[in-house]
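> Need the 3D shape of this:
(one chain, ligands or ions: 1)
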Amino acid sequence: MCQAIDKRISVIKGDITKLEVDAIVNAANSSLLGGGGVDGAIHKAGGREILEECIKIRNKQGGCAIGEAVITNAGYLKAKFVIHTVGPVWNEGTKGEVELLDRCYKNSFQLAHEHNVKSIAYPCISTGIYRFPKDIAAKVAVNKIISLLLEHTSIEKVIFVCFDDANYLEYKKYI
Ligand code: ADP
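Numbers count the residues shown, from 1 in each chain. The predicted model follows:
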């Protein structure tokens, strides 16, 4: 990785709800009404205000499609925004899952850019309940974020937040 990018990208092991960054990304589901995993943790820690904004978006546009993203307030969290994106469920790679995951990273980043976000944290989208292979997911995430950081210099810092050792080790191969 080139030195300029090296300073703008990092990986940690931990709980994304605790981070003090401008925006955290949520691995949501299409309903935008919350769920398990990181989605549940974000809504639990962030409180009712996030869900209320999700419901408004849902009433307006009928949820969120796979690969797309929406932005809300961050309630009680230290972050300013939560960007909710819907990852693909892994289906042996036969349903365009890699392309859809790539779009999650891109569309979340795009929304962050539009809201003047300087620092953003991503969870390992789709690698939990949605069963995306962690090695493939990490490669997609890192490659996409490097190309987006090169394209948009306004975003200063991207942090990948891994909750488990297996994901952390995959990201560590690149970062
Ligand atoms: P998906 O349905 O997209 O697979 P999950 O929430 O089940 O979403 O899992 C996505 C990733 O988020 C998994 O790697 C899981 O270990 C991780 N995760 C769960 N809770 C947290 C948390 N509090 N902070 C960061 N990552 C988390």
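> By mean pLDDT, flag the weakest helix or strand of this protein.
helix 3-6 (a mean of 81; mean pLDDT, DSSP states H and E).
> If you count neighbours, what's buried in it?
Buried residues in helix 3-6, counted by 16 or more other Cβ atoms under 10 Å: none are found. C-betas here are computed from N, CA, C, even on glycine.
> helices or strands next to it in the packing?
Judged by 3 or more Cβ pairs under 8 Å, 6 or more residues apart in numbering; DSSP states H and E, helix 3-6 is in contact with helix 134-151.
> to the chain's geometric centre, what's the distance from the helix it packs on?
Using Cα atoms, centre = their mean, to the nearest Å, the distance from the centre of helix 134-151 to the centre of the chain it belongs to is 12 Å.
> What residues sit buried inside the helix or strand just after that helix?
Using DSSP states H and E, the helix or strand that directly follows helix 134-151 along the chain is strand 157-162. Using 16+ other Cβ under 10 Å as the test for burial, strand 157-162 gives 157-162.
> cool, stretch 159-173 as well?
Buried residues in stretch 159-173, defined by neighbour count with 16+ other Cβ under 10 Å: 159-163, 167-168, 170-171.
> For those, work out which two are farthest apart.
Largest separation among those by Cβ to Cβ: Ile159 and Glu170, giving 15.5 Å.
> which residues of the chain fall in strands?
Here the chain has its strands, by DSSP state E, at 9-13, 23-28, 69-73, 81-86, 119-122, 157-162.
> ok, and which of the buried residues of strand 157-162 reach the ligand?
Among the buried residues of strand 157-162, the ones lying near the ligand by Cβ under 6 Å from any ligand atom are Val161.
> quick one: which of the buried residues of strand 157-162 is nearest His43?
Nearest member of the buried residues of strand 157-162 to His43, counting by Cβ to Cβ, is Val161, at 16.6 Å.
> where's that closest one relative to Tyr171, distance?
10 Å (Cβ to Cβ, to the nearest Å).
> Spit out the residues that contact the two alike.
Common contacts of Val161 and Tyr171 (Cβ atoms under 8 Å, 6 or more residues apart in numbering): 11, 124.
> Could you export the strands of the chain as TSV, including mean pLDDT?
Listed next are the strands of the chain as TSV, based on pLDDT from 0 to 100:
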stretch	mean pLDDT
strand 9-13	98
strand 23-28	99
strand 69-73	98
strand 81-86	99
strand 119-122	98
strand 157-162	98
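> got the buried residues of stretch 159-173 as JSON lines, with distance to Asn116 columns?
Listed next are the buried residues of stretch 159-173 as JSON lines, based on distance: Cβ to Cβ, whole Å:
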{"residue": "Ile159", "distance to Asn116": "18"}
{"residue": "Phe160", "distance to Asn116": "21"}
{"residue": "Val161", "distance to Asn116": "21"}
{"residue": "Cys162", "distance to Asn116": "27"}
{"residue": "Phe163", "distance to Asn116": "28"}
{"residue": "Asn167", "distance to Asn116": "29"}
{"residue": "Tyr168", "distance to Asn116": "30"}
{"residue": "Glu170", "distance to Asn116": "31"}
{"residue": "Tyr171", "distance to Asn116": "26"}
